[in-house]
Structure formats: C-alpha cells, structure tokens
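*Asks:* Sequence and predicted model, in that order:
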There are 2 protein chains.
Amino acid sequence: MTLHKKQPTIRDIAKLAGVSYQTVSLVINNKPGVSEKTRRQILRLMEEMDYRPNRAAQTLTTSRSKTLELIIVDVRYGGYLAHSTKNMAHAATEAGYSLLVSETDAEGLEAALESALSRMVDGIVLSGPRLRIEDEALKAMSRGIPLVRRDYVPSSSLAWVGFDQVHATRLAVEHLLSLGHRQIAAIPPTSELHNGYWRYSAMRSVLGEHGLSLGPVAEGDYSIGSGYAAAKQILATGQPFTALIVGTDGMALGAMRALREAGLRIPDDVSVVSYDNAELAQYTEPPLTTVEFKFSKQDELCIQYLVELIANPALELHQRVLTPNLIVRESTRALSSVAGGS
Amino acid sequence: MTLHKKQPTIRDIAKLAGVSYQTVSLVINNKPGVSEKTRRQILRLMEEMDYRPNRAAQTLTTSRSKTLELIIVDVRYGGYLAHSTKNMAHAATEAGYSLLVSETDAEGLEAALESALSRMVDGIVLSGPRLRIEDEALKAMSRGIPLVRRDYVPSSSLAWVGFDQVHATRLAVEHLLSLGHRQIAAIPPTSELHNGYWRYSAMRSVLGEHGLSLGPVAEGDYSIGSGYAAAKQILATGQPFTALIVGTDGMALGAMRALREAGLRIPDDVSVVSYDNAELAQYTEPPLTTVEFKFSKQDELCIQYLVELIANPALELHQRVLTPNLIVRESTRALSSVAGGS
DNA sequence: CCACCTTACTTGACCGTTCAATATCATAAC
DNA sequence: GTTATGATATTGAACGGTCAAGTAAGGTGG
C-alpha cells in the first residue's frame, strides 16, 4: 500500500559510493573538484537508485527556484493567449526553468505576486492588457523580482515586450487611404485595453495628418459576437463609410456577417482590415487583409528577456517593440468611383 | 543597490512577539493551542513586517508543494487548449494550489514527470490527445503522484476525464440520418488522435447499424487549412455525398470554403456537421450545426478530481465521461428529394 | 492539598540540499 | 628531505520551516 517508497537522498548515494555527500553535490551541479572516476561512479549510482535532486531543498538553500511565473490579469477573451502558455512553457523549459501560470483580476494581482514571492519565483511575465498601474506601485509589489510585461504599455518605463500599436494602425489606415478610402469606420478593442486605447488615438492622428477624421466607431471586446454587435451599431448610425478597421480577425468575422446581413458586399461596398493574422483570416469570406502580430515571437522574447534579467538584475530596463506588418488579402480594394491613391 | 532586503523569517516574527518560533508556525497553519491575544499580535506583526512563509521550506518538511502540473504532450494545434490553462490555473488557485505548465513530446514525457517529481508536485493533469501508453508504463513513470488524463482514452483504466466521442458521433450521424442523408463523407481528426480514432470507428458502426457505410474520408489535423485540404481531397475522389461530418468547427470553416469553391452550396447541396461549438461556429456562413464540448467543464473537473485524489490517494480510479449535446444551426437540412427520416 | 487535566507555549531534531572552510595526499620544486 | 602546490575529498553550519515531545502555569475535583 505504500506508494511513495521514499526517494533516495544525496547522502544515500554518497554512502553507496563511499564518498561524502558534498562530493555528490558537486557532481549534481557539474562542478570541478571530483575525479573523473568517482564522478562516473556517482552518476551511475544516481541512475541506478533512480535518484533525483529535491528542488525544494535546492530552492531553500540557493533562494532560486528555477521557476518563472506567467500572471494573467483580467483577460476575458483569451483567444490570443491561445498558444501563449504553451509557447512560454516550451521556451522556459529550454532555458532550464519551469513555468507557473496564474490567472487573476486587478485586485488579485497583489496576492498573486505575494504567492510568487512565497514560491521564490525567479521571474515574472505579466500579461494584463487592461491593467493600469503606476510603475512605482508595480515595482513595489513585485519586490525586486525581475518582471516583464507582455503588453504594449508606452506609459511604462519598466520592462515590456509589445507590438507597436501605433505603427500597426498606421499600416491599416494608410493602406486604406492609398486605396482611396476617405470615410473610415472602426471597431477597435475597448479603450479599456491598452492596445484599444492606442489604436484609437493612432487612427485619429494618422487620419488627422491627412486632414481627415474618423467615421463612426463602436468598440468590441475581442469576441466574435462583439464584432457583430459593433458593426450593427455602426450601421445603425446611418453614417456613410467605405472602409472598416476591426480590432481582431475574430471580430472582423462577426462584423462582416453584420455587413452582409445589411446587404453590403465585401470588398465591393466596404473594405475591411483587421489585426492579428490568425489562421482564421485566410479562411473568412473573403480572406482578410490584416496586420500581422507574431504572438509566438512575443512570447519567446518575453521569456528570453526575463532570463537575461535574472542573470543580470542590474541590467537597465527597456522596452522591446515588435513591428507588425500588413498582409493584404481580398477584403480590401480600391474605391472605384474615386481617383486612386498616390 | 540591494534589491532583496532579506525576507523576515518565522523566528524574526517570534522574537518580536516575544514567543517561540513554533507558536508562529501554529498561527500560520491556523492550528489551535494559541491564545486569541497572541494570535492576533502575531498576525499583526506578520502584516507589519510583510512576512510570508517560504514555500520551499514548507515543501521540504511536509513533502507537499501545493502545486499541480499540467503536462501537454504532443499537441500541435492547441486551439482547443486556448482557455484550458487559464481555466485550470483559476480552478487550481481556488483549491489552494498553483499550476505548473509544461509542454513536451512523447519522448520528453518521462523527463517531464521526473521534473514534476523533483518539484514534489502534488498532482498531474496530462493532456496528450495522441499519446499511446500502457497504463502500467504510465503508472510506473508517475511513481505514485496522482494523475488525471484530460483525454478520452477508453483503453485506459486509470483516471481520465473526457467527452464521450462515441456518443458525440452518434449525435452527428443520427442527426444526418434523420434528415434523410445516406451518403455521408467525413473529415475526422487524424486517427493518431484518440478522439479521431474513436470518432472514425463510431461513424462506421453507427452507419452499420443502419445498414449503411461511410462515404469518402480524409483526415484533418485540427488546423483550418487541413479542413480545406481534406475537403478538396474528398471532392477529388468524385464520390457522391450529401453530408459531411467535420472534426472541428475550425476545420469545418476550411472545408466549407473548399466546397463553395467547388460550386456547392451549404446546406442546399451538402449538409455540414462539426464538433466543438466554438464561438466561431455561430458566425460561419452558414452557422454550423455542431456537437458541443464544454471544455471549461472538462478542465474544472480534471482539477477537481485531481484534488480529490490528492486528498485520498486510496480512492479507486475511475473515468469521468462528459456527455456532449447537439446544437442544430443552419448548416444542415433535410435532403429534399428523398423521403424524410423516421 | 494533592493529583490530574487543560491550555499555552517551548525545545530539539529533522527535511535535503548548498556553501565556506578545512583536511588529506600525491607530486613537483627547491 | 622539507616545503609549496594543486587536486580531491570532508566537515559543520545554514536555509526556513514542521513535527513530536516536553514543560510551566492555572483550574478542577475529591
């Protein structure tokens, strides 16, 4: 009935090998000071005895747990987090770490960080697309644990890795302008989200540069349904538009259905641009012109940066901005009745 | 420059409170034997000193880490895992555990389990939809750590939580039969996947019960693109079919595009049924009739079952089969030229 | 007033590692 | 034949908790 037949310890191995426990420790940590012969013997014994070091004990003495933690704050529609944890877990393993994942809301963040501290986590990736917090507050809460935000937060001068939302928006807007569109409607992610906020303001400023202003707008929340609802709302205003910028491919799917239900053809009557370049984007009807975000790159980079930061905590914090690019498909076309773009 | 200003320990608190360290330990663990007055004082001091117990030390003495681990094996298209880790992380936190996530392939499984052992993980959720392993081998590898598989694996008598793939298939097939369809094609997930295998065999047996046999078949791999390719392949056979069963909503999206490209209308020429009931399914053109899997329920149940198993390791292992149900939308319709179903 | 029980608290050992300091020994240098 | 040297191995303390057994003080019953 005894399931756990007590793991052998470093001392058991030492006894069998006829050496002291410290020698075994040296072998475990690949440190010099052990003859090749004993090293080999000890390794063989470890194998035989099915020994494996106790991480808790190691953590206790070294104060490093070889663990990273991904804290997800207030993510409602986690579609874009789809492969994220998988990617990060993989990257973490490659780097010799394990990945802890926790999910919480803004209020719970402090508790999550406390728990991380309690577990002596070596570093934290924070994904909080709608989290507003002062750098100082966050720094205080994380109490010196290296932390990288997986978000585009220009307001922060702490470490973060995000996609350039302003450039992304410029790509979308200028693409439409070059096709001759002048009346542009939009379904940005809710402005509670950092990217929603930045995209919205970037849309206005880029259009402003061209002496234009933004047409009807309704926010979405990342769900397909919200894209549908937002498009309905925009249509209800009765304001004219020849192009629509939608926050995600998923929302674009919803929006296009609403447009179609209103008798509008895409791209003949309305051009649609979205963001993400999910696999979905190739298979909508018509395939979507979209601004590509390479999320897997972002995930990898977060871990990579975090690992650097752990190795060298004195490193000056900086921000890594990933540049998206536009993928043109069939949901956009030049406005026919107007002189084409430059 | 010293970032970590050394955490206070149980003994620091004890000294300040003028009691022994053991008394503080009792307070931490909510155990009796401490007067209300001292308890309060100690709690106040802990708060003030910003003390929090060191998990590594606790783990070392108690041999329980209050950690669960999700091991993802050989998941290529993790779309359906999208919210899984988030859900599980949440459920784990509720139950007082942290969640570790690791990603590997079949060869790496042993190493992943070793690492879990090393970390004294209290329980494991294994998601390996294409993992074929003998119960005995798995039991040996997990060395007594409670383990629950998050897959439909009828071949295993260990603990697992999965959706009844046979029933799911019966729902899809009988729905089509009742609509008068007799020539049914299919794009099941690759038979390397457990659910692919079971769905395929269930389709054949259910049809067999009705004296029918399965039409053209091509496997998909969960990606939208594979649905597209598979449909093309089926069309290329030239074999007639009036209905198509597709493994996931995503693949159905791809498949429907291929059908449309071939000039076929849905559901007028071909009825389509898929599985999952992702949000996507409501927004395809036309909306999909689909077999609903409540993944979040599965995730929760895995954690819940695991926690039970940890509390009572002697518990007899069993399997929890979730029953899916059919959601009828507009991608299926009765075959017009044939006498309707019973 | 003594035995006995409770309640509140203390003590020492231990969990399985790492770290710093120290010992041993063969070999080379002088 | 000392002595320095480097490689190899050992020892004791520490990390921050928990656990089991023990003690001291106060109350109760006979």
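*Replies:* The structure has been received and is ready for your questions. Numbers count the residues shown, from 1 in each chain, chains lettered A, B, ... in the order given.
*Asks:* quick one: average confidence on stretch A:238-258?
*Replies:* Averaging pLDDT along stretch A:238-258 gives 96.
*Asks:* so how far is that stretch off the chain centroid?
*Replies:* Chain-centre distance of stretch A:238-258: 24 Å, with C-alpha atoms, centre = their mean, to the nearest Å.
*Asks:* Quick check, central residue of chain A?
*Replies:* A:Arg150 (4.8 Å; C-alpha atoms, centre = their mean).
*Asks:* what separates the nearest residue to it once chain neighbours are set aside from A:Asp105, distance-wise?
*Replies:* The spatial neighbour of A:Arg150 that comes closest, neighbours along the chain excluded (C-beta to C-beta, 6 or more residues apart in numbering or on different chains), is A:Ser127 at 4.3 Å. Quick note: C-beta positions are derived from backbone N, CA and C, even for glycine. Applying C-beta to C-beta, to the nearest Å, the value for A:Ser127 to A:Asp105 is 13 Å.
*Asks:* Same question for A:Leu315.
*Replies:* For A:Leu315, the distance to A:Asp105 - C-beta to C-beta - is 30 Å.
*Asks:* Ok, A:Ser296 next?
*Replies:* For A:Ser296, the distance to A:Asp105 - C-beta to C-beta - is 26 Å.
*Asks:* ditto for A:Ser226
*Replies:* 20 Å.
*Asks:* Now do the helices in chain A.
*Replies:* A:10-17, A:21-28, A:36-49, A:55-62, A:84-94, A:109-118, A:135-142, A:165-178, A:194-209, A:224-237, A:249-261, A:295-311 (DSSP state H).
*Asks:* could you dump the ones you listed to TSV with mean neighbour count and distance to B:Thr9?
*Replies:* Listed next are those as TSV, based on neighbours: other C-beta atoms under 10 Å in any protein chain shown; distance: least, C-beta to C-beta, whole Å:
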stretch	mean neighbour count	distance to B:Thr9
helix A:10-17	18	24
helix A:21-28	19	24
helix A:36-49	14	32
helix A:55-62	18	12
helix A:84-94	24	29
helix A:109-118	19	13
helix A:135-142	14	21
helix A:165-178	22	45
helix A:194-209	19	39
helix A:224-237	21	50
helix A:249-261	25	49
helix A:295-311	20	24
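*Asks:* closest one to B:Val121 among these?
*Replies:* Each of those was scored for nearness to B:Val121 using C-beta to C-beta, and the closest is helix A:55-62 (9.6 Å).
*Asks:* and chain A, which residues reach DNA strand D?
*Replies:* A:14, A:18-23, A:26, A:32-38, A:57, A:60-61 (C-beta under 7 Å from any atom of the strand).
*Asks:* picking up where we left off before, look up how far A:Thr284 lies from the residue nearest to A:Arg150.
*Replies:* 27 Å.
*Asks:* And those two? Which one has more around it.
*Replies:* A:Thr284 (28 against 25; other C-beta atoms under 10 Å in any protein chain shown).
*Asks:* Spatially nearest residue to the more buried one (excluding sequence neighbours)?
*Replies:* Per C-beta to C-beta, 6+ apart, closest to A:Thr284 is A:Leu253, 5.5 Å.
*Asks:* my guess is that neighbour contacts A:Leu280, does it?
*Replies:* Yes - using C-beta atoms under 8 Å, A:Leu253 is in contact with A:Leu280, at 6.8 Å.
*Asks:* tell me the domain ranges of chain A?
*Replies:* A:10-53, A:66-163+A:295-323, A:165-292 (automatic domain parsing).
*Asks:* and those domains as CSV, adding distance to B:Val307?
*Replies:* Output for those, formatted as CSV (distance: least, C-beta to C-beta, whole Å):
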stretch, distance to B:Val307
domain A:10-53, 25
domain A:66-163+A:295-323, 16
domain A:165-292, 31
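*Asks:* Excluding chain neighbours, what is closest to A:Arg333?
*Replies:* That would be A:Pro267: by C-beta to C-beta, 6+ apart, it lies 4.2 Å from A:Arg333.
*Asks:* Look at that neighbour and report its pLDDT.
*Replies:* Value listed for A:Pro267 in the pLDDT field: 95.
*Asks:* roughly how far apart are the nearest residue to A:Leu147 once chain neighbours are set aside and A:Met88?
*Replies:* Spatial nearest neighbour of A:Leu147, chain neighbours left out: A:Ile124 (4.5 Å); criterion: C-beta to C-beta, 6+ apart. Distance, A:Ile124 to A:Met88, by C-beta to C-beta: 12 Å.
*Asks:* Give me the common contacts of these two.
*Replies:* A:Leu68, A:Leu70 (C-beta atoms under 8 Å, 6 or more residues apart in numbering or on different chains).
*Asks:* which residues does the residue of the stretch 151-300 of chain A found nearest DNA strand C contact?
*Replies:* Of all residues in the stretch 151-300 of chain A, the one sitting closest to DNA strand C is A:Ala159 (26.0 Å; C-beta to the nearest atom of the strand). By C-beta under 8 Å, 6+ apart, the residues touching A:Ala159 are A:Pro146, A:Leu147, A:Val148, A:Arg149, A:Tyr305, A:Leu309, A:Leu317, A:His318, A:Gln319.
*Asks:* could I get the residues you listed as a markdown table with distance to A:Thr332 and pLDDT?
*Replies:* Below are the contacts of A:Ala159 laid out as a markdown table (distance: C-beta to C-beta, whole Å; pLDDT from 0 to 100):
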| residue | distance to A:Thr332 | pLDDT |
| --- | --- | --- |
| A:Pro146 | 42 | 96 |
| A:Leu147 | 39 | 97 |
| A:Val148 | 35 | 97 |
| A:Arg149 | 32 | 97 |
| A:Tyr305 | 35 | 97 |
| A:Leu309 | 41 | 96 |
| A:Leu317 | 39 | 93 |
| A:His318 | 35 | 92 |
| A:Gln319 | 31 | 96 |
